[in-house]
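Undergrad: Please find the sequence and the predicted model below.
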Amino acid sequence: MHGHTCRLLPIILIFLSVLWFTGCQEKQTPPNILFIMTDDHALKAISAYNPDLIQTPNIDRIAREGALFQHLFATNSICAPSRASILTGKFSHLNGQKDNHAVFDGSQSTFPKLLQQSGYQTALIGKWHLKSHPTGFDYWSIFPGQGFYYNPDINTMGDTSQVEGYATDLVTDLAIEWFQEKRDANKPFFMFYSHKAPHRNWMPALRHLDTLQNRIFPEPSAFYDKYETRLAAHSQLMHLQEHFFAAYDSKVHTIPLKKRDSTLWKLVYEDRLTAEEKAVWESALEDERQEYISGLQSGKTVQWLNYQRYIRDYLRCVMAVDENVGRMLDYLDEAGLADNTLVVYMSDQGMFLGEHGWFDKRWMYEESIRTPLLIRYPGHISQGQIRPEMAMNIDLAPTLLDYAGVAIPEDIQGESLKPLLSGNRIDDWRKEIYYHYYEFPYMTHVNPHYGIRNARYKLIRLYGHVEGWEFYDLQNDPSEELNSYDKAQYQQEIAAMKKQMAFLQEKYKDFNPEAISGQ
Ligand code: CA
């Protein structure tokens, strides 16, 4: 008997030390989380990714003091579906949010709910864009629907009223007000700080209207793309030449307008801005309107003129985002919260900034699916990390739960990025991402498709309206102008990727991918 106890003693000691270690871990203070989200923010419009278009020193600060992901992908590149995937950690076919029409099922599990149940105080300020009321938040104050840039309606816990000011500034005002007046210092917080900008129709703040006025932006890659080898790319409603409204989008409402354009412009401008605000707009944009009109007379293409108007206003909207991100980071510093707060900056997806002649997203092409992701957590994430691994929007839920010390539910489909951010080399990290777009037919729709992308190649299956396959070699054809599906040298790779795609559809339970989405 005595000998038996001796043999057990080391095991008992190990067991006790594991208990002690686990106890210590539980006593670690969970981090506060500031989750900064923007809408349609292309990564090339953040200077940490690309210094050529605009300087974003405050957003860049998060990358400099933390980590930047080079390859984060949206799994269904439109607003509501991507948001639902971020919240649930699941693909659209499982969380039910396949398109912007569906009403988000707020009864399902989301990471803010799990944080709330684990003792976090949770708040949501700004854009929500899921038709059901937010769940999982102790406090919420949101723009109904898309929201307005100027003097927007704001719904706070069920009560809606119009608030004076510029949306991007207001979101920050309200978030800081929550910190100062409602935060419970005895609990960690989760703040979902969510901007409308830089979503269409790109209405800058008054203070930015006279910036960039004399800057001519060079045409982006594949600007005059004719889609010659692509199957469905000609069929979309996001072309700068064809589908950009003169008033609503270009703000050149001195030329004859389409009826829909007049209606939209009235809604976002005529009925929203004060007389004083309109006076600043009219004065600031006079030269650009003149430039547009004389450009038309001198034979410049409408596409080129619309691009100049688009990119200037888009970047002006980003300027206000960057300034407000600076305000939030400064607030964390001043309030002594910066050291114990994990800060995430991301968008719901990317955006075409004129590539292929477009101004929207949706497609599985690079500018649309690649999404910025920056994460800072002093003392836990080493500074200046550039992460090349492939991440998906469904990874955010498990990542934040992991950092909060909350168990990750088994049905979450994403992977925690924490092991990567801890500096570990993960040999079996995913080698490809899966994508599935559904919304059709609708305003600015594209053909339904799904696909797979690895480090070098992309395979796309189009179904429904147009059926067929596309294949791109991103190394030889980075702007995706050449569908190489029929090229002999790629047949082996294509066959391997089809097999891998079938494996991922099984893994992610997308069992019947070509069923037409019920709407
Ligand atoms: Ca969006």
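TA: Structure received.

Undergrad: Going by residue numbers, what spans are strands in the stretch 201-350 of the chain?
TA: 341-347 (DSSP state E, counting those that start in this stretch).

Undergrad: how about the residues of it that lie near the ion?
TA: Selection of the stretch 201-350 of the chain residues close to the ion by CB under 5 Å from the ion yields D348. Every residue, glycine included, has its C-beta placed from N, CA and C.

Undergrad: For the stretch 201-350 of the chain, which residue gets nearest to the ion?
TA: D348 (4.1 Å; CB to the ion).

Undergrad: In this structure that residue contacts L72, no?
TA: No: with contact defined as CB atoms under 8 Å, D348 does not count as touching L72 (11.2 Å).

Undergrad: ok, now how distant is the spatially closest residue to the residue of the stretch 201-350 of the chain closest to the ion that is not a sequence neighbour from the ion?
TA: Using CB to CB, 6 or more residues apart in numbering and skipping residues adjacent in sequence, the residue nearest D348 is S82, 4.1 Å away. Distance, S82 to the ion, by CB to the ion, to the nearest Å: 7 Å.

Undergrad: Look at S82 and report its pLDDT.
TA: S82 is assigned a predicted lDDT (pLDDT) of 98.

Undergrad: which bits of the stretch 51-200 of the chain sit near the ion?
TA: Close to the ion, as judged by CB under 5 Å from the ion, the stretch 51-200 of the chain has residues C79.

Undergrad: how many neighbours does the closest residue to the ion within the stretch 51-200 of the chain have?
TA: For the stretch 51-200 of the chain, the residue closest to the ion is C79, as judged by CB to the ion, at 3.6 Å. Burial of C79 is recorded as 21 neighbouring residues (other CB atoms under 10 Å).

Undergrad: ok, it - contacts?
TA: Neighbour list for C79: D39, D40, N100, H129, H199, D348, Q349 [criterion: CB atoms under 8 Å, 6 or more residues apart in numbering].

Undergrad: that older thread, can you pull the contacts of the residue nearest to D348?
TA: Counted by CB under 8 Å, 6+ apart, S82 has contacts A74, T75, N76, D348, Q349, T371, N393.

Undergrad: got a pLDDT number for W20?
TA: Per the predicted model, pLDDT is 48 at W20.

Undergrad: wait, V466
TA: The score at V466 is 94. That number is its pLDDT.

Undergrad: got it, and W140?
TA: Predicted confidence (pLDDT) for W140: 98.

Undergrad: and what of H2?
TA: 48.

Undergrad: ok, now the one 3 residues further on?
TA: The score at T5 is 50. That number is its pLDDT.

Undergrad: same check, this time on T444
TA: At T444, the model reports a pLDDT of 69.

Undergrad: ok, L264 - contacts?
TA: N201, F245, A247, Y248.

Undergrad: residues contacting I311?
TA: Contacts for I311 (CB under 8 Å, 6+ apart) come out as L53, F217, L353, G354.

Undergrad: What distance do you get for the first one to R64?
TA: Spelled out, that is L53. 18 Å (CB to CB, to the nearest Å).

Undergrad: Compare those two and say which one has the larger neighbour count.
TA: Between L53 and R64, counted using other CB under 10 Å, the more crowded position is L53 (19 against 13).

Undergrad: what's the helix or strand for the more buried one?
TA: In this assignment (DSSP states H and E), L53 forms part of neither any helix nor any strand.

Undergrad: Nearest residue to it in space, ignoring adjacent ones along the chain?
TA: Using CB to CB, 6+ apart, the closest residue to L53 is A45 (5.5 Å).

Undergrad: So that neighbour is in contact with V318, correct?
TA: Yes: between A45 and V318 a contact is recorded at 5.3 Å, counting by CB under 8 Å.

Undergrad: and the helix or strand containing A391, which strands flank it?
TA: Using DSSP H and E, A391 maps to strand 385-392. Strand pairing for strand 385-392, determined by DSSP bridges: strand 67-73 (parallel).

Undergrad: Could you tell me which residues within the partner strand count as buried?
TA: Within strand 67-73, the residues that qualify as buried are A67, L68, F69, H71, L72, F73, counting by 16 or more other CB atoms under 10 Å.

Undergrad: which stretches of the stretch 351-500 of the chain have low pLDDT?
TA: For the stretch 351-500 of the chain, applying pLDDT under 70 flags the ranges 443-444.

Undergrad: Would you pull up the residue in it closest to the ion?
TA: For the stretch 351-500 of the chain, CB to the ion, closest residue to the ion: K361, 6.7 Å.

Undergrad: strand partners of the helix or strand harbouring Y435, parallel vs antiparallel please.
TA: Assessed by DSSP H and E, Y435 sits inside strand 432-437. Strand pairing for strand 432-437, determined by DSSP bridges: strand 449-454 (antiparallel).

Undergrad: Sweet, I'm off.
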